[in-house]
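Trainee: Okay, predicted coordinates and the sequence, questions at the end:
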Amino acid sequence: MPVTVFLVEDNKVIRDNLIPTLESLAAARVEGIAETEEDAMAWLDSHDRHWDVAVVDLFLREGSGLNVVDRCRARAPNQRVVIFSNYATEEIRCRALQHGADAVFDKSTEIDSLLDFLAQLKGP
């Protein structure tokens, strides 16, 4: 069974490239997309426990990915939240983990690590 992904990403080019990559290389299924913090919160409210991992960009068209991560604190134990950002500095990594992220991946250098993370969620 594929991993169900909620993608919070405001850049259409990145979304258009990331979705097929996740679906083909990580056996994931992207079930929802949001471009803003408000849209992400609304999607999370209406889909409660019907996702496995939220992949969240840090800087959104409106709002912050860190606030989306915060909103996910009440998630089920099997649900994961990761930051996928071009700004994965050491400070950002620490802040994201403090906000409840399970992992932080740099868009430009750690796509393989993100795919590995998703593959581990799927299991054997």
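Mentor: Good, I have the coordinates.
Trainee: lowest average confidence, helix or strand, in the protein?
Mentor: Every helix and strand of the chain was ranked by mean pLDDT, DSSP states H and E. The lowest is helix 111-122, at a mean of 93.
Trainee: now that one: how far from the chain's centre is it?
Mentor: How far helix 111-122 lies from its chain's middle: 12 Å, per C-alpha atoms, centre = their mean, to the nearest Å.
Trainee: Do a quick rundown of the strands in this structure.
Mentor: For the chain, applying DSSP state E gives strands covering 3-8, 28-34, 53-56, 80-85, 103-106.
Trainee: who wins for proximity to Arg73 among the ones you listed?
Mentor: Nearest of these to Arg73, taken as C-beta to C-beta: strand 80-85 at 8.8 Å. (C-beta placed from N, C-alpha, C; glycine too.)
Trainee: Show me what that closest one is packed against.
Mentor: Helices and strands touching strand 80-85, by 3 or more C-beta pairs under 8 Å, 6 or more residues apart in numbering; DSSP states H and E, are strand 53-56, helix 65-71, helix 90-98, strand 103-106, helix 111-122.
Trainee: buried residues in the lengthiest helix in the chain?
Mentor: Taking DSSP state H as the criterion, the chain has its longest helix at helix 12-25. The neighbour-count check on helix 12-25 (16 or more other C-beta atoms under 10 Å) flags 15, 18-19, 22 as buried.
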